[in-house]
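Colleague: My questions concern the predicted model and sequence given below.
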Amino acid sequence: MQREGPGWRLAIDKQRQGYQALIASDDWALELTSAEFEQFRNMCAKIVGQYKDCLDHLMAEENLELCLEEGAFWLELRGDCNGWALRFVLSSALGERGAEGSWQRSTAAAFCEALALAEVY
């Protein structure tokens with residue numbers, strides 16, 4: 001399965017050993033294990049849900065910053081009532097690998113929507 005749009009890409013290959021998912025923007029790409037992918041996907045759904053819950057209380061001129069940390073991932077959603085950007089940091093427990101990436105305001109929502117619709121492992 002591969003989906004992409006302007007500024008983002010998502011690919012899943014269940015037949016591969018090790019790293020079965022790929023998340024990317026125009027400037028970077030990162031392969032994830034199935035466990036990392038599921039954790040990342042769940043966290044994105046959670047932080048987008050928190051953003052949507054805040055919208056009714058957010059004034060037009062207000063900015064919002066939400067952070068979420070679970071397991072190997074730290075996520076940050078920054079935006080206002082008109083849109084948001086998403087950033088993440090991956091730090092493996094054993095220090096074997098790490099990564100950082102982001103999706104701009106113009107692409108973050110489309111990426112997260114594709115992520116939510118991706119097939120579950």
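Modeller: Everything's here; your move.
Colleague: From here on, just use CA atoms for contacts and neighbour counts.
Modeller: Noted.
Colleague: give the contact list for the closest residue to Asp26 other than its chain neighbours.
Modeller: In this structure, Asp26 finds its nearest non-sequential neighbour in Gly7, 5.1 Å apart by C-alpha to C-alpha, 6 or more residues apart in numbering. Contacts for Gly7 (C-alpha atoms under 8 Å, 6 or more residues apart in numbering) come out as Ser25, Asp26, Trp103, Gln104, Thr107.
Colleague: Restricted to buried residues, select the residues you listed in ChimeraX.
Modeller: Buried members of these, defined by 16 or more other C-alpha atoms under 10 Å, are picked up in ChimeraX with:
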select :25,103,104,107
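Colleague: Out of the contacts of Gly7, which is nearest to Cys44?
Modeller: Taking C-alpha to C-alpha as the measure, Trp103 is the one of the contacts of Gly7 closest to Cys44, at 12.1 Å.
Colleague: Any idea what that closest one is bridged to?
Modeller: When bridges are called by DSSP bridges, Trp103 pairs up with Leu86.
Colleague: Show me where this protein has its strands.
Modeller: Remark: strands assigned in the chain by DSSP state E are 2-5, 8-12, 19-24, 29-33, 64-70, 73-80, 83-91, 98-103.
Colleague: Turn the ones you listed into CSV, including distance to Val48 and mean pLDDT.
Modeller: What follows is the strands of the chain, written out as CSV (distance: least, C-alpha to C-alpha, whole Å; pLDDT from 0 to 100):
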stretch, distance to Val48, mean pLDDT
strand 2-5, 19, 92
strand 8-12, 17, 96
strand 19-24, 17, 96
strand 29-33, 21, 96
strand 64-70, 9, 96
strand 73-80, 8, 96
strand 83-91, 10, 96
strand 98-103, 13, 96
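Colleague: I'd like these laid out as JSON lines, including distance to Leu55.
Modeller: Shown next, in JSON lines, are those (distance: least, C-alpha to C-alpha, whole Å):
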{"stretch": "strand 2-5", "distance to Leu55": "25"}
{"stretch": "strand 8-12", "distance to Leu55": "25"}
{"stretch": "strand 19-24", "distance to Leu55": "27"}
{"stretch": "strand 29-33", "distance to Leu55": "30"}
{"stretch": "strand 64-70", "distance to Leu55": "9"}
{"stretch": "strand 73-80", "distance to Leu55": "8"}
{"stretch": "strand 83-91", "distance to Leu55": "10"}
{"stretch": "strand 98-103", "distance to Leu55": "20"}
